[in-house]
Structures are given as C-alpha cells and as structure tokens.
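Engineer: Fold the following.
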Amino acid sequence: MVNPARLLIVSLAFATFSAAAAAPSAVSEQCREFLVHGLPTKKGDLLCRTGYALIHDNDTKAATWVAQRMTIARLATVVKRQDRFIPDPDIPKGSRAELDDYRGSGYDRGHMAPAADMRWSAQAMRESFYLSNMAPQVGVGLNRGLWSDLESMIRRWVASRGELFIYTGPIFQAAREQLTRIGPNQVAVPTHFYKVVFDPVRVETIAFVVPNAPQTNRRIEEFITSVRDIEQRTGLDFLNRINPSVQALIEEAVASSLWQ
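Structural biologist: Next up, the predicted model:
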C-alpha cells in the first residue's frame, strides 16, 4: 500500500529545493553550501570553516549547532588525523574553551563535526580540532563507543546515498545555572547530544538524541527520535528553508529503523 504522506513528500520535492535555492544573503560563500537548507538559529557567532559551519555560544563555550555537507568525494582519505587540539583563533579569550578547561576534567574533547569526516583536506582536518567544534563528552562508552559508531554509520550512509546534510550539537536539559561546568572558563557539560541527518535526494531525515553518559551494550537504534523532538529540546529550527509542508512531514516522522 502506498503511503500518502510519502507521496506528498515526493510530489513536493521540487518545491523543496526551489525554496532552498539560495542561502540567506548574509551567509558567506564559505558557509553557503552547509546552510542551503537554512540556519537552525542565527543567535550566536557564525563561524565558517572548510568542512563545516557552526554557531558558537559564548556562555556554554560550545557550538549550538554544527552543520556539514558530506559527499562521496569527501570520504576520500588524503590526510591523516592530526590530534592537534587548539582554541578557536576567531573567538576571543574569555568567550572560548581553552585546553586547560579539559585538562583533568574527566571528559573527552568530543568532536561535533568528526575528524574522520575531514580526511579529504588538510585544512578541514586542522579546523576540525578547534575547541569550538568540541564539547565535554563522556569518553569510554560514548565518544570512544556508541557515538563513534554512529559517526561511522553516517559515513556508510554517505557512501550509499551520495550526499547528506548533518547537524550535530549539545543539548543542555537543565537551567544554565544548574549545569555542570569544567575549567577556568566554565565550559558547560551537555546532558545529551543530538544528530540530525537529512537526505536531500530521497527527502528523508533520521535523528538521534544520546545522553552524555556511557552507553555500553546499547544499540544505536534505541536513540532514534524525530527532528521535532530535538527542536523542542533545543529551541532550534532545522531545514527551515524547504517547503513548509515537506518540512513538517519529515521533521515529525520517526524513522522506524536505521537507514540502509
């Protein structure tokens, strides 16, 4: 039986991309490819990198969201991982995370845009280690476990689907004054992390929310949710430059299983 909602998505696909034909004029050319489907929020400092764009929150000292466009070409391995973490040179001291903030904290410097997604460019790899692209993340069982597995799975989807837009960021499910913070600059520790993955060809989304805690012996599919759920938790608005009818359908849907 044909799903009427799916038929509507297909019938409106051309409208989807005509509505997203151009990113906002204020966005620089370097950022444009990552944000063609909209900025999840404009509140904060927009930073444009070779392999991603982000908005930085000077209070939490972390990104509110990090946007990527991954293609088959960007799966190529040209450079090796460098592991040279540095403070973001485009954010002033006092408003950014520093290396000392993580030292002895018990948390990993968890990438939002993964270093393994940046092997196609030496510059992209260097920029992926800016601390603005990090958030304090539990290491064993998450950053070095399920979260890494999720990142690898998304790269496999890129290989099979050709192009994906990926949005990643922290969730702070507590009042700001009640958040755990680390280091002299009081970097906020997220309670959860999210990923939103959008396939612009099949016009599909899959989304995840994962608690910032060890997830040993748990499966990635247990953390599937809707884009709308993430928007409600964060106040963000993803995919806001596509046709509103399409946006509503794909953001409210919860993928029944992991993509093939």
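Engineer: Surely Gln123 and Gln30 touch.
Structural biologist: No - taking contacts as C-beta atoms under 8 Å, Gln123 lies outside contact range of Gln30: 11.1 Å. Heads up, the C-betas are built off the backbone N, CA and C, glycines and all.
Engineer: okay, and the common contacts of the two?
Structural biologist: Thr50 (C-beta atoms under 8 Å, 6 or more residues apart in numbering).
Engineer: so Pro136 sits in a strand?
Structural biologist: Yes - according to DSSP: H, G, I helix; E, B strand; the rest coil, Pro136 belongs to a strand.
Engineer: That one and Met112, how far apart?
Structural biologist: Separation of Pro136 from Met112 (C-beta to C-beta, to the nearest Å): 12 Å.
Engineer: I'd say Gln173 and His192 touch.
Structural biologist: Yes - assessed by C-beta under 8 Å, Gln173 is found in contact with His192 at 6.2 Å.
Engineer: quick one: which of those two has more around it?
Structural biologist: Applying other C-beta atoms under 10 Å to Gln173 and His192 shows that His192 carries more neighbours, namely 19 against 14.
Engineer: before we move on, back to that, more neighbours, Pro136 and Met112?
Structural biologist: Pro136 (28 against 25).
Engineer: Contacts only, for that one.
Structural biologist: By C-beta under 8 Å, 6+ apart, the contact list for Pro136 reads 102, 105, 107-110, 182, 187-190, 212.
Engineer: Using TSV, please lay out those together with distance to Ile206 and secondary structure.
Structural biologist: Shown next, in TSV, are these (distance: C-beta to C-beta, whole Å; DSSP: H, G, I helix; E, B strand; the rest coil):
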residue	distance to Ile206	secondary structure
Tyr102	30	helix
Ser105	31	coil
Tyr107	27	coil
Asp108	25	strand
Arg109	26	strand
Gly110	20	strand
Ile182	31	strand
Val187	29	strand
Ala188	27	strand
Val189	26	coil
Pro190	20	coil
Asn212	20	coil
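Engineer: Including distance to Arg241, could those go into TSV?
Structural biologist: Formatted as TSV, these follow (distance: C-beta to C-beta, whole Å):
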residue	distance to Arg241
Tyr102	35
Ser105	38
Tyr107	35
Asp108	34
Arg109	32
Gly110	28
Ile182	36
Val187	31
Ala188	29
Val189	32
Pro190	27
Asn212	30
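Engineer: Return the member of the residues you listed nearest to Ser257.
Structural biologist: Nearest to Ser257 out of these is Asn212 (C-beta to C-beta; 24.6 Å).
Engineer: which residues touch the nearest residue to the closest one once chain neighbours are set aside?
Structural biologist: Spatial nearest neighbour of Asn212, excluding adjacent residues (C-beta to C-beta, 6 or more residues apart in numbering): Pro190 at 5.1 Å. Contacts for Pro190 (C-beta under 8 Å, 6+ apart) come out as 62, 135-137, 170-172, 212.
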